[in-house]
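Asks: need a structure here:
(one chain, ligands or ions: 1)
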Amino acid sequence: MVHSILTSGSTYWPFKKYFEIYNRSIKDPEGFWSEEARKLEWFKTWDKVLDWNPPYANWFVGGELNASYLCVDRHVKTWRRSKVAIYWEGEPGDTRVLSYSTLYREVNKFASVLLNLGIKKGDRVALYLPMIPELPIAMLACARIGATHTVIFSGFSAQALADRVNDTGARLLVTADAGFRRGKPLALKRIADEALEMAPSVEKMLVVRRANIPVSMKPGRDAWLHEMMEKASLFVNPDPMDSSHPLYILYTSGTTGKPKGIVHGTGGYLTFNHSAYRWVFDIKEESIYWCTADVGWVTGHSSIVYAPLMHGAAIVLYEGAPDYPGIDRWWDIIEEYGVTIFYTSPTAIRMLMRFGEEPIEKHDLSSLELLGSVGEPINPEAWTWYYKHIGKEKCPVVDTWWQTETGGIMISPAPAIECPPLKPGSATFPLPGILADVVDEKGETMPPEERGLLVIKAPWPGMFLGVYGDPKRYVESYWSKFPGIYYTGDYAIRDKDGYYWILGRADEVLKIAGHRIGTAEIEDAVVAHPAVAEAGVVSIPDPVKGEAIVIFAILKEGCSPSPDLKAELKALIRKSIGPVASPEEIHFVSKLPKTRSGKIMRRILKAVATSASIGDLTTLEDESSVEEVKKIYEELKKEV
Ligand code: WT7
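Replies: Model prediction:
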C-alpha cells in the first residue's frame, strides 16, 4: 500500500484512482452502488437500487439477503472454513481461537437456542455481554433468524440497561455471570437482575458462564446458555431478509435526556460497510484485524463484527483494559497474534503515549500494515506519535470520521484506492458515494479555511432507517435544519486543498474519551437528587480524554454544599448512566445563566469552566438581557 504524508511545502496533485472512483460515484450513484452491492451474495436481486423519498431512503428495494449467511456460511463453503475467524483473549490471559467452521456451528446452535426460546423474526433481543465470543455469535444468531439485536454496553448501569430494554420492548436478554475488568469480575448478571425488575417486556434471560462466579437463577425465566446449547440443532436456515429488515438497534445520545435507538437495516448497511472496509483498510481474508472498541458501540458492530467477518478476515477480540496487568498489554497482543490492521481511539493513543516508548520497544510490532483512529478528533501530536512509534513510519494512519447514524465510515483516507496524501489530524476526503459539504447556518457552502457545519447532501447505503419508536425525532434531529440534507451535528473546516478537518460537536453532545453523552442526560441524572434544584453540564478540554464533564448545580432551599453531597451526586450519575459519565468537577452555584425562554446558556458556563471570556453575547438567539448574563458570569467566576 503506497502512501505519503503531505508536508508543508509539498504540492498537492489529484490522485487519479480515488478521484476517478469518487467522481463516478457522485455522477451515477445508483450504478455505482449496484456494482458494489453485487460483491455480496444475495438470495434475491433488488428491483430498484434506491427509493429516495427525503428523508427516507430505501436501498436495494426488493432484494433479499442474510447477514449471518454473509459472515459465516459463505466462508465455510471455501478453504476459509479452516481459517481463523476470531482470536479471543480474556483479560486474565485465557484464550480461545475460533475457525470459521467453529463460528458457523456456534452461530447455528445459538440461533436454534433462540428459536427454542420462542424468539421469532421481528422480535428484539437485548445483548448485555462482556467482550467474549458469545457476543458476536449472539448477534449473528439473531441476524440468522431475523431477530433485531440491541447491544447494550456492559459498562452501563442497571437503570441505563432497563431504559434501553424498555424502549425496544425486547423479549429476551442475553448476559453473562460476569466479565473481567482490571482483574475484577464485573457482575453483569446481578446488574441484569436489577434491570429486569424495571423491564417487564423481558420474558427470558440467557446467561453465559464466563467468570464462574455464583449467580442466582430465576426459575422459569433464566437459563444457562451452555445447557441450552446441548439441546440445540446444528443447523438453522439463514432466513432471507428483506434489504430494509432492521438488523439492529443501537442507542446513542442526543440533545435530550432520552437516548435514541438508531435503527440499521440489512442490505444497504452491509453493502456500505463491505465497500468501505476494502477502501479504507484494504481488508482481506488474510488480514488480522483488531479494533479495540467495545461491541457496545457502533464501531464494534461495523468494525469488529459485520465488515471484517464479511471479508473473511480474522478478528482479535480482547476482553479487558489496555493497561492490565501491564501497560504493554496491547502491544503484547499485537505481537502475539501478528495483527496487521489496528484500529483504536485518540483517547487510547494519548493515554498510551504517556507511558513513553519503552513498553512498545519490548515488542515486535512489525506485522502492522495499517493503523486507524476513530471516535473523536485526533490531535496532530497524537497522530504523529502513533504513526512514528506504533507504525514505524511505514503504516498509513486512517483517521475515520463517522457516526452511529451513518452506519459506516464516511470521511477517511482510503489507501487501497490511492487516496491523496495524509495530513496528520485530518480525516482527508469523503469516501466514494458520500456527498459531504461544510455549510453555514443557511446551508451555503463555506469558503476554504472557515468553520461551518458538516452535512451530507445525498443518501448513502449505510444510513440509518430511523429512530426506534420515534419517527418525529428522526426528522427533527437530522433533517429539519436543512430539509433533505443530513445534519451531522459536527463542526468542520475544509482547508485550501479540500481536506476535511473535523472540529467536534456543534450541538449539546459531549465526547468523553470518545463516548457520546448528552449534557441533558447528565443534567437529568443530577436533578434526580433530592437536594438539587437545577443543573447545567458542560465540558472542559482534557489532555487524555479529549473532553471532561463539569457540572454546575443549584441546590434546593435548606440544602448546603458538602464533599459528601458531591460524592453522592457522582454515585448517582454512575447509577443512572454508568462510569463513563463520571464528572471531573462539580460546582455548587446560586444562579445559572438562561435565555428568556428558560434555556440554560451552556456557552456561558463553558466560559466560566475554562476561564475564557464570554465573547460576543449579541449573537445569541433568544438571549436573556446581556447585562444580566454578564453579571451572572462574573458572579459564577467568583463562586467556582
Ligand atoms: C461523533 C459520533 C464512529 C464510531 C464511533 C463514534 C465524533 C467520530 C471522528 C473523527 C473527529 C469524530 C464526531 C461524531 N467523531 N469519529 N475521526 N474525527 N470526530 O460514534 O458515538 O455515534 O459519535 O464522534 O463528533 O459526530 P458516535
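
Asks: Any figure for the gap between residue 208 and residue 229?
Replies: For residue 208, the distance to residue 229 equals 10 Å [Cβ to Cβ, to the nearest Å]. Glycine gets a C-beta too; all of them are placed from N, C-alpha and C.

Asks: what's the answer for residue 257, then?
Replies: Residue 257 sits at a distance of 39 Å from residue 229 (criterion: Cβ to Cβ).

Asks: and residue 380, how many neighbours?
Replies: Residue 380 is flanked by 11 other residues according to other Cβ atoms under 10 Å.

Asks: And it, how close does it get to the ligand?
Replies: 12 Å (Cβ to the nearest ligand atom, to the nearest Å).

Asks: and that residue, what does it touch?
Replies: 424, 425 (Cβ atoms under 8 Å, 6 or more residues apart in numbering).

Asks: switch the cut-off to 10 Å
Replies: Shown in contact with residue 380 (Cβ atoms under 10 Å, 6 or more residues apart in numbering): 423, 424, 425, 426.

Asks: Grab the nearest non-local neighbour of the third one.
Replies: Spatial nearest neighbour of residue 425, chain neighbours left out: residue 380 (4.0 Å); criterion: Cβ to Cβ, 6 or more residues apart in numbering.

Asks: Phi, psi for the one you found please.
Replies: phi -50, psi -30 (degrees, to the nearest 10).

Asks: ok now the helix or strand where residue 437 lies, how far from the chain's centre?
Replies: If you go by DSSP states H and E, residue 437 is part of strand 436-439. How far strand 436-439 lies from its chain's middle: 22 Å, per Cα atoms, centre = their mean, to the nearest Å.

Asks: Which residues does that strand contact?
Replies: Contacts of strand 436-439 (Cβ under 10 Å, 6+ apart): 401, 410-411, 427, 429-430, 443-448, 450-458, 460, 481-482, 485-488, 490-494, 500-502.

Asks: Next one: that strand, is it in contact with the ligand?
Replies: No - Strand 436-439 lies out of reach of the ligand by Cβ under 6 Å from any ligand atom, never closer than 12.7 Å.

Asks: How about the contacts made by the residue of the chain most remote from its centre?
Replies: Ranked by distance from the centre of the chain (Cα atoms, centre = their mean), the top residue is residue 558, with 42.4 Å. Residue 558 makes contacts with residue 531, as judged by Cβ under 10 Å, 6+ apart.

Asks: And it, how close does it get to the ligand?
Replies: Using Cβ to the nearest ligand atom, we find residue 558 at a distance of 40 Å from the ligand.

Asks: Also residue 44?
Replies: For residue 44, the distance to the ligand (Cβ to the nearest ligand atom) stands at 31 Å.

Asks: Next, show the common contact partners of residue 208 and residue 229.
Replies: Listed contacts common to residue 208 and residue 229 are residue 134; contacts here mean Cβ under 10 Å, 6+ apart.

Asks: And these two? Which one has more around it.
Replies: Counting neighbours by other Cβ under 10 Å for residue 208 and for residue 229 shows that residue 208 has the greater number, 24 against 14.

Asks: Not counting residues beside it along the chain, what's closest to the more buried one?
Replies: Counting by Cβ to Cβ, 6+ apart, residue 208 lies nearest to residue 176, which is 4.1 Å off, once chain neighbours are set aside.

Asks: I'd guess residue 103 is in a helix, am I close?
Replies: Yes - membership of residue 103 in a helix is supported by DSSP: H, G, I helix; E, B strand; the rest coil.

Asks: didn't it look like it was pressed against residue 82?
Replies: No - counting by Cβ atoms under 10 Å, residue 103 does not reach residue 82; the two are 11.7 Å apart.

Asks: Neighbour count: those two, which is higher?
Replies: residue 103 (23 against 12).

Asks: Could you report the separation of the more buried one from the ligand?
Replies: 24 Å.

Asks: Now do the contacts for that residue.
Replies: Applying Cβ under 10 Å, 6+ apart to residue 103 gives the contacts 71-72, 75-76, 81, 84-86, 133, 136-137, 140, 309.

Asks: could you pick out which of those are near the ligand?
Replies: Applying Cβ under 6 Å from any ligand atom to the contacts of residue 103, none is adjacent to the ligand.

Asks: do you know how far residue 536 is from the ligand?
Replies: Distance, residue 536 to the ligand, by Cβ to the nearest ligand atom: 21 Å.

Asks: Ok, residue 548 next?
Replies: Counting by Cβ to the nearest ligand atom, the gap from residue 548 to the ligand is 16 Å.

Asks: Quick check, that residue in contact with residue 537.
Replies: No - using Cβ under 10 Å as the test, residue 548 is too far from residue 537 to be in contact (11.2 Å).

Asks: sorry, back to before: okay, now the residue nearest to residue 208: neighbour count?
Replies: By the measure other Cβ under 10 Å, the count of residues near residue 176 is 27.

Asks: what's the pLDDT at it?
Replies: Predicted confidence (pLDDT) for residue 176: 98.

Asks: how much space is there between it and the ligand?
Replies: 24 Å.

Asks: pretty sure that residue is in contact with residue 133, am I right?
Replies: No - the pair residue 176 / residue 133 is not scored as a contact, 11.3 Å apart, by Cβ under 10 Å.

Asks: circling back to that earlier point, which PyMOL command selects the buried ones in the contacts of strand 436-439?
Replies: Buried residues among the contacts of strand 436-439 (16 or more other Cβ atoms under 10 Å), as a PyMOL selection:
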select buried, resi 401+410+411+427+429+430+443+446+452+453+454+455+456+457+458+460+481+482+485+486+487+488+490+491+492+493+494+500+501+502
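
Asks: Could you report the neighbour count for the residue in the stretch 201-350 of the chain positioned nearest to the ligand?
Replies: Per Cβ to the nearest ligand atom, residue 299 is where the stretch 201-350 of the chain lies closest to the ligand, at 4.3 Å. Residues contacting residue 299 under the criterion other Cβ under 10 Å number 24.

Asks: For it, what are phi and psi?
Replies: The phi/psi pair for residue 299 (degrees, to the nearest 10) reads phi -60, psi -40.

Asks: Tell me the residues of the stretch 151-300 of the chain that contact the ligand?
Replies: So the stretch 151-300 of the chain meets the ligand at 252, 297, 298, 299 (Cβ under 6 Å from any ligand atom).

Asks: now, which of those residues sits nearest residue 36?
Replies: Nearest to residue 36 out of these is residue 298 (Cβ to Cβ; 20.3 Å).

Asks: Just give the closest residue to that closest one, not the sequence neighbours.
Replies: Using Cβ to Cβ, 6+ apart, the nearest residue to residue 298 is residue 404, at 4.2 Å.

Asks: Columns secondary structure and pLDDT on top of the residues of the stretch 151-300 of the chain next to the ligand, output as TSV?
Replies: Formatted as TSV, these follow (DSSP: H, G, I helix; E, B strand; the rest coil; pLDDT from 0 to 100):
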residue	secondary structure	pLDDT
252	strand	97
297	coil	97
298	helix	97
299	helix	97
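
Asks: re the thing from before, excluding sequence neighbours, find me the nearest residue to the residue of the stretch 201-350 of the chain closest to the ligand.
Replies: Spatial nearest neighbour of residue 299, excluding adjacent residues (Cβ to Cβ, 6+ apart): residue 293 at 3.7 Å.
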